[in-house]
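S.K.: Sequence and predicted model, in that order:
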Amino acid sequence: MLQKNDIKEYIQSLLSSKRMGNQVVYHTVLPNHPAQVSKPEKPWPRIIDRMIQSAGIRDLYRHQADAIDFIRSGRHLVVATPTASGKTMIYNLPVVENILKNPDSKALYIFPLKALAQDQLRTFEALIKHNKDVKPKIAIYDGDTSAWYRKRIREAPPNILLTNPEMIHLSMLPHHQKWADFFCNLDMVVVDEVHTYRGIMGSHMAQVFRRFQRICSFYGADPTFVFCSATVSNPAQLTEQLTGLKVETITKSGAPLGKKHVVFINPVQGPAQTAILLLKAALHRGLRTIVYAQSRKLTELIAIWAGSQSGPYAQRISAYRAGFLPEERREIEAKLAKGDLLAVISTSALELGIDIGDLDLCLLVGYPGTVVATWQRGGRVGRSGQDSTLVLIAGEDALDQYFMRHPEDFLNREPEAAVINPHNTEIMSRHIICAAAELPLKSNEPFLQDEYVEKAVLDLEGSGALLKSGDGTEFYSSRLAPHRHVDLRGTGNRFNIVSNTTGKSKGEIDEFRAFKETHPGAIYLHKGDTFLVNTLDLDTKTVKVSRAKVDYYTRVRSEKNTEILEIYDTKEILNTICYFGQLKVTDQVMGYEKWRIHAKKKLSIMPLTLPPLIFETEGLWFKIPVQIQRQAEAQYLHFMGGIHAIEHAAIGIFPLLVMADRNDLGGISTVLHPQVGSASVFIYDGVPGGAGLNRQAFKKAAALLENTFKVIRACPCETGCPSCVHSPKCGSGNRPIDKASAIFLLDKLISTRDAAMPVTYPADTWSKEKEFRPLERVASFQKKKTVMDRGKRSAGHKGRLRKRMLARCSAFKEACKTSSTAQTPVKASDSRFCIFDIETQRSAQEVGGWHRADLMKMSCAVLY
């Protein structure tokens, strides 16, 4: 075994490897940065000074000292610095100082994951264990806390309470009378990993925080809020949208950083197998490694495969994911921190700031989806300042391949903005009902002064969800316990998945996913087991499943249409117009396909009769000018296939501009939208009310089109693939898709040409005579507006085409006879056909498709 942490030798071996070296598309080294230290403006009390020294801390980093000064002055603060920059110390020390001043002082720590609360409990206990002068009480209040201990915490609240959003929403706020002592003495609220409160959960949390502040005000408390975040581009905007508070911002870290190697690999074999090879090499060198996979199933499979191939190291590898029992997760975390484990394969569950010790190597099996998540995961290695390595192993997704072709773009790219929609009326209305159940809503209170809240209250009163008092000054909830019906991490109703044989619950699924993933006949995977869905009961919100052994999987087929309810904004970009507004989306599941797992062969199509999913959301859409459509049709390109491909590629590249997952989005492309008056491509937030994603993307609409063009054009495939224009969740099975048409349309919309990569289009030999148009380019969009297959030509048409081809050959032979420039007359052949055979220097695949035929170059041509 080589010396522990020989990162340099590991990288050199990788680059020089005959098997792996040519798969490395990029390698760079990020320089180290020394620490920048400072002191708070006001000296610490002697007790805290001793506490800091006993923890082995000589000096505070500059950003820590600056943050502490803000907190001491009572100003709300957000700290958005990289992983392992010491954010915990920023709030722990002021909290202890408050307790020294007032033994009844209370602080609330909010974490998105239970594992983070456990980790912070250990960190705080380690900080104070050598100090006899102050012993603050600290406790965790979450789903794993026993009923007896919960009651004890409520009756005698600790100085520091560690909890999560669900417990605040379901326990503390609806039963705030039992927490009166805690709220009365609340001085500080710490919100860790605030960047995770985005999208749907962010929209929920914006309402939870407003309800929380309302209860604090009722008990006379005005706590200081401290937010800790990963490095996002809009930390202040995010926290202000979440809470309505004005905050100070610290984004520059003074913590030291060691050298970090960044390696991009575009594997020949699958990314999972490549990760296993890299992991085996790391284990033999004693490098402590974390592998991030994109799904629970892949996490388990990599752990199994790696263990079976790692010999003596098999027992030092473990999987880690949500779904493990709490004690199992804590055991793995402890083994990692102690060094008993050399490698862990994890989902995003270990992305956040859980202390798992000093790691050396991070392997990403697929691009995590955002720049923020990539650096967050890469920040898990090199935490003690040692040299470390981040390796991105690309999958076939569009973003993966984009960064394989443009690695410098990744390194130079600013972190994405975390986006929420605090005015989602669907979500807001549910929380207003909860707020009214907690305390009657008074017409003059600040909570009701927001115009969106005021309108929602009137609507809820009209529907009977809120009841107005006799004097008209207060509103009450008509529901006894509305909190139970609000899921902070989703929207819509929840369906319970139940075993048909045992009656035991297998989990839950939201209404939108239920129609797509647990329809009757669907194959449903749960913890590695396969189940067949027997029934989907819409009345009882129950899915009944039975265990099944099948060699196929299912894929839903659906049709969608959209209605424009209101246009919020519009602007001209490039050669088109982009709109942003409110949409009504109707998604109708029509049936499902059965596909053989290994052969990837479609076995059958089964019809389904389900009610449509109808919801209102926010979205943007591009109008395709009629003249551009006509130009595409004149080239005999499949226009519907082109805009369909643009829709898929734009959704795939969307997270490049806005922090989102492609599963948070939906899209519709149509050759004629009646309200627009022309062809249009729609992209919308895939949740009722909207998540703010397209609101943010509308500001970058031109960049969205340009990057979409860049991705499709650069992909080396000929007709389309998952790296450019195919979507894994397409309701029509990626039909029709025309990559060449998409490139033509985008080039016309953008009107720019890249000299380094000229754009050409499939040149039809008989383009001047419509009757000789190539069969594969005849588009059927003239008959239908929606997705369709290209029909077969009739025998009569084929006969006419044959006669015209013969006539053209005869004309060619006559031209050869009468050519005045020919040295030797070409003798006319008696055969009825001639063949013109061209041999090219490069294949279509090598140059990126038939639409770039000019780059293939002619080797020889033969006429016979």
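M.R.: Great, that's in hand.
S.K.: Nearest residue to the residue nearest to the spatial centre of the chain in space, please, no chain neighbours.
M.R.: Central residue of the chain (CA atoms, centre = their mean): Asp661, 2.3 Å from the mean position. Closest residue to Asp661 apart from its sequence neighbours, by CB to CB, 6 or more residues apart in numbering: Gly369 at 5.7 Å. C-beta: built from backbone N, CA, C; applies to glycine.
S.K.: Tell me how many other residues surround that neighbour.
M.R.: A count of nearby residues for Gly369, using other CB atoms under 10 Å, gives 21.
S.K.: Local confidence estimate at the residue nearest to the centre of the chain?
M.R.: We note a pLDDT of 81 for Asp661 in this prediction.
S.K.: Helix or strand next in line after the helix or strand of the chain with the lowest mean pLDDT, which one?
M.R.: Every helix and strand of the chain was ranked by mean pLDDT, DSSP states H and E. The lowest is helix 795-818, at a mean of 50. Sequence-wise, the next helix or strand downstream of helix 795-818 (DSSP states H and E) is strand 836-840.
S.K.: tell me which residues of that following strand are tucked away?
M.R.: Neighbour-count burial for strand 836-840, counted by 16 or more other CB atoms under 10 Å, picks out Thr840.
S.K.: Test my guess that Ile250 contacts Lys87.
M.R.: No - assessed by CB atoms under 8 Å, Ile250 is found out of contact with Lys87, at 9.7 Å.
S.K.: Tell me the secondary structure at the closest residue to Gln36 other than its chain neighbours.
M.R.: In this structure, Gln36 finds its nearest non-sequential neighbour in Gly254, 3.6 Å apart by CB to CB, 6+ apart. What DSSP: H, G, I helix; E, B strand; the rest coil gives for Gly254 is coil.
S.K.: Over to the one 10 residues further on?
M.R.: Classification of Phe264 by three-state DSSP places it in strand.
S.K.: Burial check on the nearest residue to it once chain neighbours are set aside, number of neighbours?
M.R.: Distance criterion CB to CB, 6+ apart; nearest residue to Phe264, sequence neighbours excluded, is Tyr26 at 4.0 Å. Number of residues near Tyr26 (other CB under 10 Å) recorded here: 18.
S.K.: how about Tyr26, what does it touch?
M.R.: Taking CB atoms under 8 Å, 6 or more residues apart in numbering, we find Tyr26 in contact with Val262, Val263, Phe264, Met404, Pro407.
S.K.: From these, pick the one nearest Val344.
M.R.: Val263 (19.6 Å; CB to CB).
S.K.: for the helix or strand encompassing Tyr579, packing partners?
M.R.: Per DSSP H and E: Tyr579 is located in strand 576-596. Where contact means 3 or more CB pairs under 8 Å, 6 or more residues apart in numbering; DSSP states H and E, strand 576-596 is packed against helix 511-517, strand 552-573, strand 602-607, strand 613-624, strand 665-673, strand 678-685, helix 693-698.
S.K.: Contact partners for Lys396?
M.R.: Slight slip there: residue 396 is Glu, not Lys. By CB under 8 Å, 6+ apart, the residues touching Glu396 are Cys721, Pro722, Ser723.
S.K.: Now the helix or strand containing Met167: buried residues?
M.R.: In the assignment (DSSP H and E), Met167 maps to helix 165-167. The neighbour-count check on helix 165-167 (16+ other CB under 10 Å) flags Pro165, Glu166, Met167 as buried.
S.K.: same question, stretch 358-369
M.R.: Asp358, Leu359, Asp360, Leu361, Cys362, Leu363, Leu364, Val365, Gly366, Tyr367, Pro368, Gly369.
S.K.: quick one: the residue nearest to the centre of the chain from Gly378, how far?
M.R.: Asp661 is 19 Å from Gly378, where distance means CB to CB, to the nearest Å.
S.K.: do the same with Thr530
M.R.: Thr530 is 35 Å from Gly378, by CB to CB.
S.K.: what do you get for Asp340?
M.R.: Counting by CB to CB, the gap from Asp340 to Gly378 is 24 Å.
S.K.: try Asp450
M.R.: 39 Å.
S.K.: out of the two, which sits in the more crowded spot?
M.R.: Ranked by neighbour count (other CB under 10 Å), Asp450 and Gly378 place Gly378 first, with 24 against 16.
S.K.: Find the nearest non-adjacent residue to that one, please.
M.R.: Here the residue nearest Gly378, using CB to CB, 6+ apart, is Leu390, at 3.9 Å.
S.K.: Low-confidence bits of this structure, can you list those?
M.R.: The model of the chain has pLDDT under 70 over residues 1-5, 322-325, 353, 491-492, 526-528, 598-600, 752-833, 841-852, 854-855.
S.K.: Check the spacing between Arg513 and Val543 real quick.
M.R.: 11 Å.
S.K.: before we move on, the earlier item: can you tell me which of the contacts of Glu396 are buried?
M.R.: In these, the ones that pass as buried (16+ other CB under 10 Å) are Cys721, Pro722, Ser723.
S.K.: For those residues, give me CSV that also has secondary structure and distance to Leu242.
M.R.: As requested, those are arranged in CSV below (DSSP: H, G, I helix; E, B strand; the rest coil; distance: CB to CB, whole Å):
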residue, secondary structure, distance to Leu242
Cys721, coil, 39
Pro722, coil, 35
Ser723, coil, 36
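S.K.: For Asn234, state which of these is nearest.
M.R.: Nearest member of those to Asn234, counting by CB to CB, is Ser723, at 29.7 Å.
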